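In: Predicted coordinates and the sequence they were generated for:
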Amino acid sequence: MSRSESGGLAVILIAVVLLGFVVVCLAGGGLAAFWLMQVNTVYTEVSPPTVSSPVYPGDTLSVVKEITAAQMGLDAAEIQPSTSMADLGADELDIVELVMELEEEFDVSIPDEAIENVTGSQTWVNGADKLTMEKLAEIVERQKLATFEH
């Protein structure tokens, strides 16, 4: 064998070894990266969404009635979904305190406009007859959805 043939053979042998090394590294690293991507994808697809407000044993309306009853010194069983703040003898301060309590309990922010849209007045007590437990629960639900979407 001539010197040029043995040099060419050495180059081919080195190239094959290097190519094998590259294939092993890429395959091993590539498989590891692929596996990590799949694990991450599965994890993110299975993970439940994060909800900002706590889970309640009852529905929103029940919680609104309970909070209102506690604030007004009544039994929650006396309050119906159609009971208005006027029916309960609430004044402006009672309504403001109730809204603040609902915001805290449900971890939402209730804009004044949401209440004013129901009462038809910037002075909430003037429309207290329209501000029922159902309407308050609807406002809270809308704000929970708005909070969840952001």
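Out: Everything's here; your move.

In: name the element A90 belongs to?
Out: Assigned by DSSP states H and E, A90 belongs to no helix or strand.

In: How confident is the prediction for the closest residue to it other than its chain neighbours, by pLDDT?
Out: Residue nearest to A90 in three dimensions, not counting chain neighbours: A128, with 5.8 Å by CB to CB, 6 or more residues apart in numbering. Bear in mind the C-beta positions are built from the backbone N, C-alpha and C, glycine included. A128 carries a pLDDT value of 95.

In: And K65, by the same measure?
Out: Listed pLDDT for K65 reads 96.

In: ditto for the one 3 residues further on
Out: Predicted confidence (pLDDT) at T68: the value is 97.

In: Just to check, it is in contact with L88?
Out: Yes: with contact defined as CB atoms under 8 Å, T68 counts as touching L88 (7.1 Å).

In: tell me the domain boundaries of this protein?
Out: Domain assignment for the chain, taken from automatic domain parsing, gives 1-47, 60-149.

In: Worst mean pLDDT among the ones you listed?
Out: Ranked on mean pLDDT, the bottom entry among the domains of the chain is domain 1-47, at a mean of 55.

In: hey, where'd the helices end up in the protein?
Out: Under the criterion DSSP state H, helices of the chain are mapped to 3-46, 60-72, 92-106, 112-119, 133-149.
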